[in-house]
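Colleague: Sharing a model prediction with you, sequence too.
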Amino acid sequence: MTFSLVQAPARGYDVVAVDAFVARAQADGSSVSSADIRATTFPVVKGGYSTVEVDEALERFEDTIAEYEIANLISRIGAEGATAEVRALAQEILNRIVREPGKRFRAAPIFTYGYNRSDVDEFTDRVRAFYLDRSLLSRSDVRGATFRPQLGGYHEGQVDVLLDELVRVMLAAK
C-alpha cells in the first residue's frame with residue numbers, strides 16, 4: 001500500500017512508522033483489532049505521507065476488521081446475543097451523554113489539561129441527537145472529533161473510550 005508524499009515544509013505522517021504498521025497488519029492481520037486501529041497514531045514530520053490518505057485507509061481497514069469482529073461475535077454468541085451486547089453498550093453511552101452538561105465525564109486530575117468541557121458537551125449533544133432524533137452523525141465525525149485543551153477539563157481517557165465505543169456501536173449497526 002502506498003500513499004502520496006507531501007512536500008516539505010508541509011507535514012505528514014512519518015513514512016517509517018506508517019510502513020511498519022502496514023507491514024505488521026499485513027503480516028499478522030488477524031491479531032489487529034478495530035480498537036488497535038482506532039488507537040493507532042503516527043508521528044507528524046516535515047514531508048511524510050498524506051495524513052488524509054492514511055486516515056482514509058485506516059478507516060476502511062477498521063471497517064473491514066470490525067465487520068469480521070461482528071461476524072465472529074455473532075458466530076460465538078448468536079445474533080440475539082450480539083444484538084443484546086451492542087444495545088447494552090449503546091445504552092451505557094446514552095446514559096452518560098444525557099447527564100447534565102459539565103458533568104458528563106470525570107474531571108482531569110488537578111493542574112492537568114483535559115478536553116474542553118464545552119467542546120465535549122457540544123459534541124455529545126450531537127451524539128444525543130443522533131440517538132434520540134436520528135440526526136446525521138457519521139463514524140468519520142466521531143473519529144475526527146477534536147477538542148481544545150482546558151485546565152481541569154474532562155478526563156481525556158474517559159472521553160476517548162466513549163468515542164471508541166460509539167464507533168463500535170455504529171459499526172455494529174451498519
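Modeller: All right, it came through fine.
Colleague: going forward, measure contacts and count neighbours with C-alpha atoms only.
Modeller: OK.
Colleague: Helices along the chain, start to end?
Modeller: 15-27, 34-39, 51-97, 117-133, 139-143, 156-172 (DSSP state H).
Colleague: contacts for the first one?
Modeller: By C-alpha atoms under 8 Å, 6 or more residues apart in numbering, the surrounding residues in contact with helix 15-27 are 1, 32, 42-43, 48-49.
Colleague: The one helix or strand in the chain whose mean pLDDT sits lowest packs against which elements?
Modeller: In the chain, the helix or strand scored least confidently by mean pLDDT, DSSP states H and E is helix 34-39, which has a mean of 84. On a contact count with 3 or more C-alpha pairs under 8 Å, 6 or more residues apart in numbering; DSSP states H and E, helix 34-39 meets helix 51-97.
Colleague: which strands and helices sit next to the helix it packs on?
Modeller: Short answer (3+ C-alpha pairs under 8 Å, 6+ apart): helix 51-97 packs on helix 34-39, helix 117-133, helix 156-172.
Colleague: Now do it, average pLDDT.
Modeller: For helix 51-97, mean pLDDT is 90.
Colleague: returning to that earlier point: let me know which of the helices and strands packed on helix 51-97 is the nearest to residue 79.
Modeller: Across the helices and strands packed on helix 51-97, residue 79 has its closest neighbour in helix 156-172 (11.3 Å, C-alpha to C-alpha).
Colleague: How about the closest one, which residues are buried there?
Modeller: 156, 159, 162-172 (16 or more other C-alpha atoms under 10 Å).
Colleague: how close does residue 123 sit to residue 110?
Modeller: 24 Å (C-alpha to C-alpha, to the nearest Å).
Colleague: Give me the more crowded residue out of these two.
Modeller: For residue 123 versus residue 110, the count of surrounding residues by other C-alpha atoms under 10 Å is larger for residue 123: 18 against 10.
Colleague: Quick check: residue 151 touching residue 109?
Modeller: No: between residue 151 and residue 109 there is no contact under C-alpha atoms under 8 Å: 9.1 Å.
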